[in-house]
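Peer 1: I would like the atomic coordinates for the input below:
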Amino acid sequence: QVQLVESGGGLVQPGGSLRLSCAASGSSLDYYAIGWFRQAPGKEREGVACIGVSDEVTFYADSVKGRFTISRDSSKNTVFLQMNSLKSDDTAVYYCAADLFPTLQVWDMKIRGKGTQVTVSS
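Peer 2: Numbers count the residues shown, from 1 in each chain. Okay, the predicted model is just below:
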């Protein structure tokens, strides 16, 4: 079974950028839809982005459209989340997840990583 490990989180100023990585082991990510969701203290979980198998579809939450981009690099068995124009509201732990079908309810996907912290603050 595939295992997922997130990286790339950190502290960034408002307006800055980060690129999160979701690296897989145990299987090729090409067989899975991959998504990102986030969890901030005191807030509900939010599906951020999702990409289908073979990249045929991508979904984004309204709150990140135009700022975040999800992509897959099969040669690295990794999915990325490029985050631009970051805001303080983007502060959260970001998790990647995998399943057979894409959904913005990413937290329901069967396989999940342990998360990476993103803090947007001046």
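
Peer 1: what about the most centrally placed residue in the chain, distance to S122?
Peer 2: In the chain, the centroid-proximal residue (Cα atoms, centre = their mean) is W36; its distance is 2.8 Å. From W36 over to S122 the distance is 24 Å, taken as Cβ to Cβ, to the nearest Å. All C-beta atoms are positioned from the backbone trio N, CA, C, and that covers glycine.

Peer 1: Flag every buried residue along the helix or strand in which the residue nearest to the centre of the chain is found.
Peer 2: Here W36, judged by DSSP states H and E, is contained in strand 33-39. Buried residues in strand 33-39, counted by 16 or more other Cβ atoms under 10 Å: 33-38.

Peer 1: cool, and stretch 22-33?
Peer 2: 22-24, 29, 32-33.

Peer 1: Which pLDDT does the model give the closest residue to D90 other than its chain neighbours?
Peer 2: In this structure, D90 finds its nearest non-sequential neighbour in V120, 5.1 Å apart by Cβ to Cβ, 6 or more residues apart in numbering. Among the per-residue scores, V120 holds a pLDDT of 98.

Peer 1: Look up which residues are beta-bridged to V120.
Peer 2: Beta-bridge pairing of V120 under DSSP bridges involves V12.
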